[in-house]
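S.K.: predicted model and sequence below, questions to follow.
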Amino acid sequence: MPWHTSGRFAFSPINLVSKKPYRGINTICLWAAAQAKGYASGEWATYQQWQDKGAQVRKGEKSTLVVFWKFANDRGESQSDGETAAGGSRLLFTKGYSVFNAAQVDGYTPKADAERQMLERIEQADAFFKAIGSDVRHGGNQAFYSPVGDYVQMPPFAAFRESVSYYSVLAHEHTHWTANAARCNRELGKRFGDHAYAAEELIAELGAAFTCAHLGLSTEPREDHAQYLQSWLRVLKADKRAIFTAASKAQQAADWLTARDASASVGEVAA
């Protein structure tokens, strides 16, 4: 699954000029392109933007498509999540852009990222999930979210072969946790019918990938992913827009978690 990346590919793709991260379906498309072609950089820009920076896209390089949308009475543009305009009455315009990765151009030297110790990354993840304020319980050999008890159940930390795997699973279960009516109020029955469970699992995987990228943690596909592949494929084949909905809902969940972390940080500073 291309949105699960490893090693140096643990980044959220950003636009070279605006420095803003891509969102929703655009994130998945750029992750997929980077994974397939081995791009080590998360910087993307249009042909003209690279030229303005004094760089040149190499002959024969193929672009990757991203989509932006805006409403007729909006001044600015926003990245498309594929669902924003659903049910809206305002006139919506969409526009596609062809972008190239930093690895596809000559004449540009990306700024080297400071090396981060794994311990620092783990500490950052611990602080992130603590700030969210969820009820996380440890014990047993299963990981799940209990809608009835409204808590996240996790195996003991020591049960995981790698510490990053623990945080990946924790992010997955927290994405489920955001479905609660008091949070993102994610109801998929009307949208997906019998495929609602599979759609929710796909959302949880994408949400975990988005959250881990935000934390700077790389993740690897796990063996338990295989059992979901057939159900995900059925959902995606039955509904061509399903991936847009899943990406939108996953981004919403990741944004909700990130906002909680940011709010807590602001509160600590104010205190």
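M.R.: Yep, that arrived. Just so it is clear, the model here is predicted, and its values are computed rather than measured.

S.K.: per-residue pLDDT, the closest residue to residue 53 other than its chain neighbours?
M.R.: Spatial nearest neighbour of residue 53, chain neighbours left out: residue 108 (6.2 Å); criterion: C-beta to C-beta, 6 or more residues apart in numbering. Using the backbone N, CA and C atoms, a C-beta is placed for each residue, glycine as well. At residue 108, the model reports a pLDDT of 92.

S.K.: quick one, phi psi at residue 108?
M.R.: Main-chain dihedrals, residue 108, degrees, to the nearest 10: phi -140, psi 130.

S.K.: got it, and residue 46?
M.R.: With angles defined as degrees, to the nearest 10, residue 46 sits at phi -80, psi 170.

S.K.: right, and it touches residue 101 too?
M.R.: No - the criterion here is C-beta atoms under 8 Å, and residue 46 misses it with residue 101 at 11.7 Å.

S.K.: comparing these two, which residue is more hemmed in?
M.R.: When residue 46 and residue 101 are compared for neighbours, residue 101 comes out ahead with 24 against 18, by other C-beta atoms under 10 Å.

S.K.: how about the more buried one, nearest residue that isn't a chain neighbour?
M.R.: Residue 101's closest residue in space is residue 39 (C-beta to C-beta, 6+ apart), at 4.5 Å.

S.K.: distance of the residue nearest to residue 53 relative to residue 42?
M.R.: Remark: distance between residue 108 and residue 42 (C-beta to C-beta, to the nearest Å) = 14 Å.

S.K.: okay, those two: which has more neighbours?
M.R.: In this view residue 108 and residue 42 are compared by other C-beta under 10 Å, and residue 42 has more residues nearby, 24 against 17.

S.K.: and the more buried one, what pLDDT?
M.R.: At residue 42, pLDDT is 86.

S.K.: likewise for residue 82?
M.R.: Residue 82 carries a pLDDT value of 49.

S.K.: let me see the contact set for the residue nearest to residue 101.
M.R.: 9, 33, 101-104 (C-beta atoms under 8 Å, 6 or more residues apart in numbering).

S.K.: return the member of those nearest to residue 52.
M.R.: Nearest to residue 52 among the contacts of residue 39 is residue 102, at 14.2 Å by C-beta to C-beta.

S.K.: list the contacts of the closest one.
M.R.: Contacts for residue 102 (C-beta under 8 Å, 6+ apart) come out as 16, 39, 41, 43-44, 108, 110.

S.K.: now the strands for this structure?
M.R.: Taking DSSP state E as the criterion, the chain carries its strands at 14-15, 43-46, 56-57, 64-71, 78-79, 92-101, 105-106, 136-138, 144-146, 151-154.
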